[in-house]
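Trainee: just the structure for this:
(one chain, ligands or ions: 1)
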Amino acid sequence: MAHRQTYAQRAAKHPNPAAKALLETIERKKTNLCVSVDVTKSDDFLKVIDLVGPYVCMVKTHVDIIEDFAPTLIERLQELSVNHDFVIFEDRKFADIGNTVALQYAAGVHKIASWAHLTNAHPVPGPGIVSGLAAVGRPLGRGLLLLAEMSTKGSLATGAYTEAAVRMAREHRDFVVGFIAQRRMESVATESVDPEEDFLILTPGVGLDTRGDGMGQQYRTPKEVITEAGCDVIIVGRGIYGKGDNVDVQAVQAQAERYRAEGWAAYLARIQ
Ligand code: 6AU
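Mentor: Alright, predicted model coming up:
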């Protein structure tokens, strides 16, 4: 199974350029930490990314929450991505018919496909959502993550829905590179498993100091997520920068290094 191998072994074999780049970055920087930069002002956004850059394999954005968005922000983000060596994941959670998501992905104010190496989608509309996004993203070497499970209390993405998400991904392995999920997916929908398949599991709902946020979010530790559940990347937001305003430089760097170290130790424990 993929998660018994090292990130480097998986990178060497992965057919999708975005997934390969992510696995290589994880190995090179010895970090499986993705920071989710959920702040609303461009200055705070760039400041947090510059501070956490050395500690992350990937930065996750919600570009639609930036209130003073301008196209130059994307240029700055791309510069930081090159200088600090991280992959960019726009957490857009597409959820519409194929034609609409293709337009939302390529066009509009944000032109996500032109800069985000990875994005994600809810499988709820059926396989047409993957075809629509693939028509735009595949020629650009992008990758897609399907939301097979969610971290929140009362999530409806369970059971047969999660199984259907895995089947949908298996039908589109050139573009769907993994899942947002809380555990490995190999044993979900076990018919026709190709031993060569390597879906990345990116896992939000990670925190070391609290178990929830009072709005449905549920947190587990890096050890629970990486060692015990076999996931590949921890996604951490508020655990690292709090509310994201009045950014405390040393506190943000210290938290980023703390989560990086915990995530990496949990991975080393898993592959032993
Ligand atoms: O660490 P937090 O709780 O501050 O932030 C978690 C981030 C947020 C959510 O939009 C996102 O992870 N998220 C997702 C993603 C990544 O798709 C899915 C999910 O099930 N739960 C979740 O929190 O930006």
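
Trainee: quick one: the helices in the stretch 151-272 of the chain, in order.
Mentor: 159-170, 222, 238-241, 249-271 (DSSP state H, counting those that start in this stretch).

Trainee: with only the CA atoms kept, save the third one in PDB.
Mentor: In PDB, the C-alpha atoms belonging to helix 238-241 read as follows (Å, rounded to 0.1, in the frame of the first residue of the first chain):
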ATOM      1  CA  ARG A 238      -5.800  28.600  13.000                       C
ATOM      2  CA  GLY A 239      -3.600  26.300  15.100                       C
ATOM      3  CA  ILE A 240      -0.700  28.100  13.500                       C
ATOM      4  CA  TYR A 241      -1.800  31.800  13.200                       C
END
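
Trainee: what packs against that helix?
Mentor: When contacts are defined as 3 or more CB pairs under 8 Å, 6 or more residues apart in numbering; DSSP states H and E, helix 238-241 sits against strand 33-37, helix 42-52, helix 249-271. Every C-beta, even on glycine, is put in place using the N, C-alpha and C of the backbone.

Trainee: go again with 7 Å.
Mentor: Contact partners of helix 238-241 among helices and strands, from 3 or more CB pairs under 7 Å, 6 or more residues apart in numbering; DSSP states H and E: helix 249-271.

Trainee: sort out which residues of the helix it packs on are buried, please.
Mentor: 252, 255-260, 262-264, 266-267, 270 (16 or more other CB atoms under 10 Å).

Trainee: could you check how far E24 is from P17?
Mentor: 10 Å (CB to CB, to the nearest Å).

Trainee: for stretch 119-132, give the mean pLDDT please.
Mentor: Averaging pLDDT along stretch 119-132 yields 98.

Trainee: let the chain start at 53 from now.
Mentor: In the new numbering, first residue 53, that becomes stretch 171-184.

Trainee: and that stretch, how far out from the chain's middle?
Mentor: 16 Å (CA atoms, centre = their mean, to the nearest Å).

Trainee: gap between the two ends of it?
Mentor: 13 Å (CA to CA, to the nearest Å).

Trainee: hmm, who's touching it?
Mentor: 141-151, 153-154, 157, 164, 185, 196-199, 216-217, 220, 223-224, 227-228, 232 (CB atoms under 7 Å, 6 or more residues apart in numbering).
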